[in-house]
Every structure is written in C-alpha cells, then in structure tokens.
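1. here is my input, please return the structure:
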Amino acid sequence: MQATGPDHPTRDAGFGIYLHWPFCAAKCPYCDFNSHVRHAGVDEPRFLDAFRAEIDHAAERTPGRTVTSIFLGGGTPSLMQPATVAGLLDAVASRWPVAPDVEITLEANPSSVEAARFHGYRAAGVNRVSLGVQALNDAALRTLGRLHDVAQALDAIRVAQATFARTSFDLIYARPGQTPTMWRDELAEALERAGEHLSLYQLTIEPGTPFYGLASTGKLVVPDDDTGRALYDVTQDLCAGAGLPAYEISNHARPGAESCHNLLYWRYGEYAGIGPGAHGRIVTEAGRIGTVTERAPEAWLARVERDGQGIVETETLAPADQADEFLVMGLRLREGIDPERYAALKGRPLNGNRIGMLIGDGLLERRSGGRIAATARGAPVLNAIVAELAG
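-> Take a look at the predicted model:
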C-alpha cells in the first residue's frame with residue numbers, strides 16, 4: 001500500500017493532481033467558479049512555466065507519492081493548445097511516479113471541441129474527457145449563457161467518444177420553468193447518448209452571480225423544493241434503469257466506470273492543487289493541511305514568478321475538522337463511509353445511538369464491512385444527517 005504521508009492512520013485513497021486552467025471564452029451567469037475571460041488572449045508559455053514551478057513546489061512537499069489521477073479543470077481547459085497540456089502532464093510525470101492505470105481527465109466545452117485538438121490531447125496523454133453540455137435544449141442553453149447549441153453538443157459528444165475510451169458529460173436540471181416531464185424526456189435522450197458516465201447537477205443560485213441578482217428581484221424563478229425533489233427522483237429512476245446508477249449524489253456511472261479523481265475527493269484522499277484558485281489537501285510532517293492559491297490569474301502568475309508558488313492560505317487541519325470533512329465527503333457516496341476511519345481521524349467514534357436513530361428513520365443503512373451509507377430516502381437530506389452525526 002502506498003503511504004499517503006507521515007503517521008497517516010487509514011487506508012490509502014490515492015494521490016491526485018488538480019490543475020486549474022482559469023480561462024473561459026465567456027462567463028456563464030450561474031457560475032461562481034474561479035473563471036476569467038481574457039479577450040486579448042493568454043500567454044500560454046508563460047503560464048506553463050508558472051505551472052511547472054508550482055508543480056515543483058508541490059512535489060517537494062509530497063515525496064513518496066504515486067499519482068493515481070490527474071484532473072485538468074477550470075475554466076475551460078479545452079481552450080489550451082495540446083502542447084500546453086502535454087507540457088503540464090510532462091511536468092507532473094517528471095516529479096512523481098505515475099501509476100500505469102492513471103486516469104487523466106480534461107474538462108471541455110462543446111463550443112471549443114475540435115477533432116484535431118482532441119487528437120492532440122489524446123497524444124499528450126489525456127485518456128478521459130468531461131464535456132460541459134449542461135442542457136439538451138436550445139432555449140435552456142441560451143438561458144444558461146452557453147456558447148453552444150444542442151447540435152454542437154451532440155457533435156462534441158460524438159467526437160469525444162470517437163477519440164477517447166472514457167468520456168462523461170454534465171447536465172444541469174431544476175432550471176427555470178423545467179417540469180419533471182420535460183426533464184424525463186431530456187434525460188432519456190442524454191442516456192441514449194451517454195457512454196459510461198453522467199454528472200447531473202441541480203441548479204443552485206450562488207451569491208455574486210448574475211442569476212443571484214435576477215432571482216433576488218424575482219426575474220428568475222427556479223422550481224420549488226417539491227418540484228426539485230421530483231426532478232431528483234426522475235434522475236435516480238431513469239439513470240438506474242439505464243444501467244448508470246448514482247455512485248455519488250450527482251454522479252452516475254456504469255459499474256467500474258466511476259471517476260477515479262472524483263472518488264479520490266470523496267474518499268478523502270490527498271491531492272495537490274496547482275494553478276490560480278486551486279485547493280489542495282496533502283499530508284505533511286505538520287499533519288494534514290489545506291492549501292489555497294491566489295485566485296486572480298495575473299496575480300497568481302506574478303506570485304509564482306516571484307516565490308515559486310502561488311499559495312495564499314495554508315491551514316493545518318485539526319482532527320475534528322478532518323473527521324468532519326471525511327464525513328461530509330464520504331456520505332455523498334453510495335458506498336458510504338467506514339466508521340473506523342472516522343474514529344481514527346477524530347480520536348473518538350461516531351455516536352452509536354445517533355446512527356441507530358438514523359437507521360430507524362430509514363435515512364442510513366449498514367453496508368458490508370461495517371460501513372454506513374445514506375439510503376435513497378436519506379440522500380436528499382444529507383446535510384441534516386451529517387449535522388446529526390457530527391454534533
């Protein structure tokens with residue numbers, strides 16, 4: 001078993017690298033991610049050099065790890081030239097051993113998909129693509145501020161599936177005016193197009209976004225809680241029936257096709273966050289630490305060029321904080337959590353009476369190996385379950 005750091009008390013969940021490319025062609029009105037539009041273009045060679053420097057810094061803090069997954073997220077990584085992607089992956093491979101079966105995912109938007117570029121990504125080492133389709137309805141795509149239409153989305157799916165062995169795409173539901181019947185029809189079409197994996201997210205109105213301003217003045221109305229629950233139930237029923245059951249609240253896959261990198265997060269593994277606004281969780285001599293880099297791309301670039309890294313926050317996580325993070329992340333998974341790992345992180349076990357009460361209420365269940373997991377009834381109220389267990 002690969003060690004994940006000094007005195008790490010539990011089983012290895014892997015070691016991943018998250019590379020954040022923060023640039024987009026346009027900013028979507030619902031998005032609160034760290035993404036930026038640069039109409040004058042991006043100096044990719046200069047940013048690549050900065051990524052290399054930050055990769056060097058992260059490698060010095062994480063000796064003895066083997067990389068099990070790499071995720072190029074954003075922003076829109078598919079705006080990068082294939083040579084830039086190759087440079088990033090080569091930099092990772094030069095600093096850590098890389099597992100033979102490493103999963104290397106690149107996020108792409110349908111509007112930036114070109115077959116030649118995708119072949120370039122594959123040649124660079126990318127073996128999985130995740131497409132931000134978001135809707136299979138042209139009016140909805142316009143509302144969401146997307147730059148592609150349905151025809152482009154379907155073409156992008158075809159190109160991706162012809163180029164990569166592993167693909168996924170995202171959809172957003174609980175959109176303004178959407179009914180369960182409308183979503184059922186749209187999701188059925190998506191399932192016909194899907195290969196092995198779908199990510200299906202309920203629309204959330206985040207502070208600071210244009211949608212938040214519209215919603216606060218009543219100009220944007222999303223489905224109420226009862227409709228949202230009905231949409232969620234449609235999602236679970238159709239995906240399970242199509243052989244892509246939920247392995248996490250918002251992620252569905254054929255058995256064996258789950259995203260390794262996403263599982264690493266939810267199983268509370270280690271990952272180095274590289275690039276503007278990237279978050280990381282690594283184990284050092286000081287314990288498990290959380291890192292956050294400078295969000296603004298040009299400020300991050302200047303900081304890395306000056307200091308060799310762009311970290312602006314480093315927090316040593318107390319045992320209670322680690323246990324709470326493990327609980328929040330792990331209970332999102334259908335497989336649930338190992339209570340013994342929680343006890344190892346926190347220094348005391350979960351309250352057995354509270355577990356029993358939640359099982360009696362039909363919100364939790366015991367699974368093989370002593371694990372506990374949210375039931376189908378419990379998954380939609382997971383925040384309340386976590387609060388009860390952690391209290």
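
2. my guess is Asn262 meets Ile249, correct?
-> No - using C-beta atoms under 8 Å, Asn262 is not in contact with Ile249; the gap is 11.4 Å. Just so you know, the C-beta spots here come from the backbone N, C-alpha and C atoms, and that holds for glycine as well.

3. okay, the two: which has more neighbours?
-> Asn262 (25 against 21; other C-beta atoms under 10 Å).

4. just to be sure, the more buried one is in a strand?
-> No - counting by DSSP: H, G, I helix; E, B strand; the rest coil, Asn262 is not part of a strand but helix.

5. not counting its neighbours along the chain, what's nearest it?
-> Asn251 (6.4 Å; C-beta to C-beta, 6 or more residues apart in numbering).

6. tell me, how many residues neighbour the one you found?
-> Other residues close to Asn251 by other C-beta under 10 Å number 24.

7. residues touching it, list them.
-> Contact analysis of Asn251 by C-beta atoms under 8 Å, 6 or more residues apart in numbering lists 197-200, 258-259, 262.

8. what about those, which are in strands?
-> 197-200 (DSSP state E).

9. could the residues you listed go into CSV alongside neighbour count, distance to Met357 and pLDDT?
-> Shown next, in CSV, are the ones in strands among the contacts of Asn251 (neighbours: other C-beta atoms under 10 Å; distance: C-beta to C-beta, whole Å; pLDDT from 0 to 100):
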residue, neighbour count, distance to Met357, pLDDT
His197, 22, 35, 98
Leu198, 24, 34, 98
Ser199, 20, 32, 98
Leu200, 24, 31, 98
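
10. isn't Ser69 up against Cys260?
-> Yes - assessed by C-beta under 8 Å, Ser69 is found in contact with Cys260 at 4.6 Å.

11. between the two, which is the more surrounded one?
-> Ser69 (26 against 22).

12. just grab the bridge partners of the more buried one for me.
-> Gly16, Glu103 (DSSP bridges).

13. how close does it sit to Val98?
-> 10 Å (C-beta to C-beta, to the nearest Å).

14. equivalent analysis for Phe51, please.
-> Distance from Phe51 to Val98, by C-beta to C-beta: 16 Å.

15. repeat for Cys31
-> Going from Cys31 to Val98 by C-beta to C-beta gives 31 Å.

16. now do the contacts for Leu48.
-> 84, 87-88.

17. of the residues you listed, which is the nearest to Met357?
-> Leu88 (48.2 Å; C-beta to C-beta).

18. so the closest one: helix, strand or coil?
-> Put simply, Leu88 is helix when judged by three-state DSSP.

19. run a quick neighbour tally on it.
-> Residues contacting Leu88 under the criterion other C-beta under 10 Å number 26.

20. wait, it touches Phe51, no?
-> Yes - contact criterion C-beta under 8 Å: Leu88 and Phe51 qualify, at 5.8 Å.

21. can you pull the residues that touch both of those two?
-> In contact with both Leu88 and Phe51: Leu19, using C-beta under 8 Å, 6+ apart.

22. returning to what we had before: against Leu19, how distant is the residue nearest to Asn262?
-> In terms of C-beta to C-beta, Asn251 sits 20 Å off from Leu19.

23. ok, Thr291 - contacts?
-> 273, 279-282, 311, 313-315.

24. what helix or strand does it sit in?
-> strand 287-293 (DSSP states H and E).

25. next SSE downstream of that strand?
-> helix 297-307.

26. chain center to that following helix, what's the gap?
-> How far helix 297-307 lies from its chain's middle: 25 Å, per C-alpha atoms, centre = their mean, to the nearest Å.
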